[in-house]
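A.B. asks: Sequence and predicted structure, then a few things I'm wondering about:
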Amino acid sequence: MNAERLLALYERVAEAPDAITRLRRFILDLAVRGKLVLQDPNDEPASELLKRIGKEQINQAALPRGWRRTKVGSILDFQYGKGLKSAERLDEGPVPVFGSNGIVGFTDEPLTAGPSIIVGRKGSAGALNLCDGPSWTTDVAYFVEAPSFLHIRFLLNALAALDLDKLGKGVKPGLSRTEAYEQIIAIPPLAEQHRIVAKVDELMALCDRLEAARKDRETKRDRLSAASLTRLNTPDPETFETDARFTLEALPALTTRPNQIKQLRQTILNLAVRGKLVPQDPNDEPITVKLQRALARRTALVRAKKVRSKKLDSFDNLQATADLPSSWAQERLGNLVDPENTISYGVLVPGENVSDGIPFVRAQDLALSGHPHRPTKTIAPEIERAYARTRLRGGELLVCVVGSIGKLGVVPHSWAGANIARAVARILPIQEISREYLLVVLQGQPVQSYFTETTRTLAQPTLNVGLIEQTPIPLPPLAEQHRIVAKVDELMALCDRLEASLTTSDQTRTRLLEALLAKALVPAEDHAMEAAE
């Protein structure tokens, strides 16, 4: 194995999402295939060991010198653990008690006196733990003692390489001894097992150092990224533009995980709804003027008895909070929707899917972009007819009110004529505000937090339409709304590019890692011959 080449180039792939995990797995694979240390012709062959105890040997092709293959069940006994009464389990004691996935307590009496490997049987099926001394294994696990011709830590590595967890079945995965016994294990001479264990320890220690270095790098990047975003979330008016420019320029170098880009997106939205993303223009028409026009139209409809009056704060009581620009106002969401098409949820009992029926929008269909031409489910016209008030025209905003509270969607025009589920509420904004700006506000942390805080948990989380109507919405002048939307679109496009770049970088690192792992199996002299050619 040309491990030196792998380690020399490792820094180039160290940021691959699963680089350390893959490297650890690679080391185990090499160990159990005889590729990690040199064979010694003076070692007693494993065949002699197996002959002396009369164990079955199978298919010995392509094995290193002195190695033999056999079934797990030919050489190992997976013994059932035993239940332990609560009075016999201690918080501290001389004998550790193992469950499927580690130590769960202590006791005074051992079930096995010597070193053993604990194998998860129920729950964490196939999970492995090594106990160097006396232990007790509960009835959710097996314990395995190493025969005389197996170094127990080599056995641990060999079992780990078998991926016994993949044999688990059921809702709470269970590991069958019968299936485990059918797995094939390769056994080297005992002396080589000791050399393999020493080399695995050495390389796993190296992996520990690489992992610690990576965590240290990530911690430093997280701190820098968090500090930059904090300066934007609590901006200093005199330095905000400089801080914003620095953050946007530095973030690509600091970003290595999708959740960091998610934080940036949320910061952009938070700045947008607090009046910190674009400058105010004193020449903009105040938003209160437009809202008063909308109020007059609503009042006329109420007087004509075409719509009902709602118990919401009126436009007369508009107030801006102290941290909003003076040209902004704050209004309840219920006053910002078409009075003839109030916030409503849809069909209570849609029935079975009907061929050539009415398209039906469910919570899982909600998306801001990338919609299919039509929703996948359709319902009977006679059922949909009773819910004409929530029939879609295209362009409405949708919000999930049952289950995935606050999930948002935009109705594409190709969905005109469709209807919505009980779990979905429709929002049709008045013409005096920008629909795109309202969508920005609904995505922001203040509104999403309001939705979460006002959700009731019945059979599942549910958000009442009356509470949605009370949602406070910060409103700048309409002209500023358009500027905000344009800036948000610009910055979200930057986030998209960062995500795409991150995905591409991860894929490149992963491919390079795979190539390095493959080349690491080629002896160093082969590389020298390639270079000479």
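C.D. replies: Good, I have the coordinates. Bear in mind the structure is a predicted one, so any value in this text is a computation, not a measurement.
A.B. asks: and Pro359, helix, strand or coil?
C.D. replies: strand (DSSP: H, G, I helix; E, B strand; the rest coil).
A.B. asks: Enumerate every residue touching it.
C.D. replies: Contact analysis of Pro359 by Cβ atoms under 8 Å, 6 or more residues apart in numbering lists Arg374, Pro375, Lys377, Thr378, Trp415, Gly417, Ala418, Asn419. Every residue, glycine included, has its C-beta placed from N, CA and C.
A.B. asks: Just the pLDDT at it, thanks.
C.D. replies: For Pro359, the pLDDT comes out at 95.
A.B. asks: quick one: the strands in the stretch 351-500 of the chain?
C.D. replies: 358-361, 377-379, 397-400, 408-410, 419-420, 424-427, 456-457, 461-462, 472-475 (DSSP state E, counting those that start in this stretch).
A.B. asks: most packed of the ones you listed?
C.D. replies: Neighbour counts (mean count of other Cβ atoms under 10 Å) averaged over each of these peak at strand 419-420, with a mean of 28.
A.B. asks: Partner strands of it and their direction?
C.D. replies: strand 358-361 (parallel) (DSSP bridges).
A.B. asks: who wins for proximity to Leu277 among the strands of the stretch 351-500 of the chain?
C.D. replies: strand 472-475 (12.1 Å; Cβ to Cβ).
A.B. asks: Mind listing the strands that closest one pairs with, and their directions?
C.D. replies: Per DSSP bridges, strand 472-475 is paired in its sheet with strand 329-332 (antiparallel).
A.B. asks: Asp222 belongs to a helix?
C.D. replies: Yes. Judged by three-state DSSP, Asp222 forms part of a helix.
A.B. asks: Could you find the closest non-adjacent residue to it?
C.D. replies: Excluding the flanking residues, the one nearest Asp222 by Cβ to Cβ, 6 or more residues apart in numbering is Gln260, at 7.6 Å.
A.B. asks: What is the nearest of the contacts of Pro359 to Pro134?
C.D. replies: Lys377 (60.0 Å).
A.B. asks: who are the neighbours in contact with the closest one?
C.D. replies: By Cβ under 8 Å, 6+ apart, the residues touching Lys377 are Pro350, Asn353, Pro359, Phe360, Arg362.
A.B. asks: For these, give me CSV that also has distance to Thr508.
C.D. replies: As requested, the contacts of Lys377 are arranged in CSV below (distance: Cβ to Cβ, whole Å):
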residue, distance to Thr508
Pro350, 46
Asn353, 43
Pro359, 41
Phe360, 42
Arg362, 38
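A.B. asks: wait, which of those is closest to Asp496?
C.D. replies: Distances from Asp496 to the contacts of Lys377, taken by Cβ to Cβ, are shortest for Arg362, at 26.5 Å.
A.B. asks: for that closest one, phi and psi?
C.D. replies: Main-chain torsions, Arg362, degrees, to the nearest 10: phi -110, psi 170.
A.B. asks: what's the distance between it and Pro110?
C.D. replies: 56 Å (Cβ to Cβ, to the nearest Å).
A.B. asks: and Lys220, how many neighbours?
C.D. replies: Lys220 sits with 11 neighbouring residues when counted by other Cβ atoms under 10 Å.
A.B. asks: And Ala62, by the same measure?
C.D. replies: Ala62: 9 neighbours (other Cβ under 10 Å).
A.B. asks: Grab the nearest non-local neighbour of Thr510.
C.D. replies: If the residues on either side of it in the chain are set aside, Thr510 comes closest to Ala16, at 5.0 Å by Cβ to Cβ, 6+ apart.
A.B. asks: State whether that neighbour is indeed within a strand.
C.D. replies: No. According to three-state DSSP, Ala16 belongs to no strand; its state is coil.
A.B. asks: quick one, what contacts it?
C.D. replies: Arg22, Asp506, Arg509, Thr510, Leu512, Leu513.
A.B. asks: Of those, which is the most crowded?
C.D. replies: Of all the contacts of Ala16, Leu513 has the most neighbours under the rule other Cβ under 10 Å, reaching 23 neighbours.
A.B. asks: Test my guess that Val307 contacts Arg298.
C.D. replies: Yes. Counting by Cβ atoms under 8 Å, Arg298 is a contact partner of Val307 at 7.2 Å.
A.B. asks: which residues are common contacts for these two?
C.D. replies: Pro339.
A.B. asks: Counting neighbours, go ahead and name the busier of these two.
C.D. replies: Higher neighbour count among Val307 and Arg298: Arg298, with 20 against 17, using other Cβ under 10 Å.
A.B. asks: pLDDT value on the residue nearest to Thr510, please?
C.D. replies: pLDDT, Ala16: 74.
A.B. asks: Can you read off the pLDDT for the residue nearest to Asp222?
C.D. replies: 78.
A.B. asks: can you tell me how far it sits from Glu218?
C.D. replies: For Gln260, the distance to Glu218 equals 10 Å [Cβ to Cβ].
A.B. asks: ok, those two, which is more surrounded?
C.D. replies: Taking neighbours as other Cβ under 10 Å, Gln260 and Glu218 compare with Gln260 leading, 19 against 14.
A.B. asks: List just the nearest of the contacts of Lys377 to Val278.
C.D. replies: Once Cβ to Cβ is applied, the member of these that ends up nearest Val278 is Arg362, at 36.2 Å.
A.B. asks: Go ahead and confirm the closest one touches Ala421.
C.D. replies: Yes. Using Cβ under 8 Å, Arg362 is in contact with Ala421, at 4.7 Å.
A.B. asks: quick one: which of those two has more around it?
C.D. replies: Of the pair Arg362 and Ala421, Ala421 is the one with more neighbours under other Cβ under 10 Å, namely 25 against 18.
A.B. asks: Hmm, the more buried one is touching Gly351, no?
C.D. replies: No. Applying Cβ under 8 Å, one finds Ala421 not in contact with Gly351, separated by 11.8 Å.
A.B. asks: picking up where we left off before, of the contacts of Pro359, which pair is most distant in space?
C.D. replies: Maximum pairwise distance in the contacts of Pro359, criterion Cβ to Cβ, is 14.1 Å, between Lys377 and Gly417.
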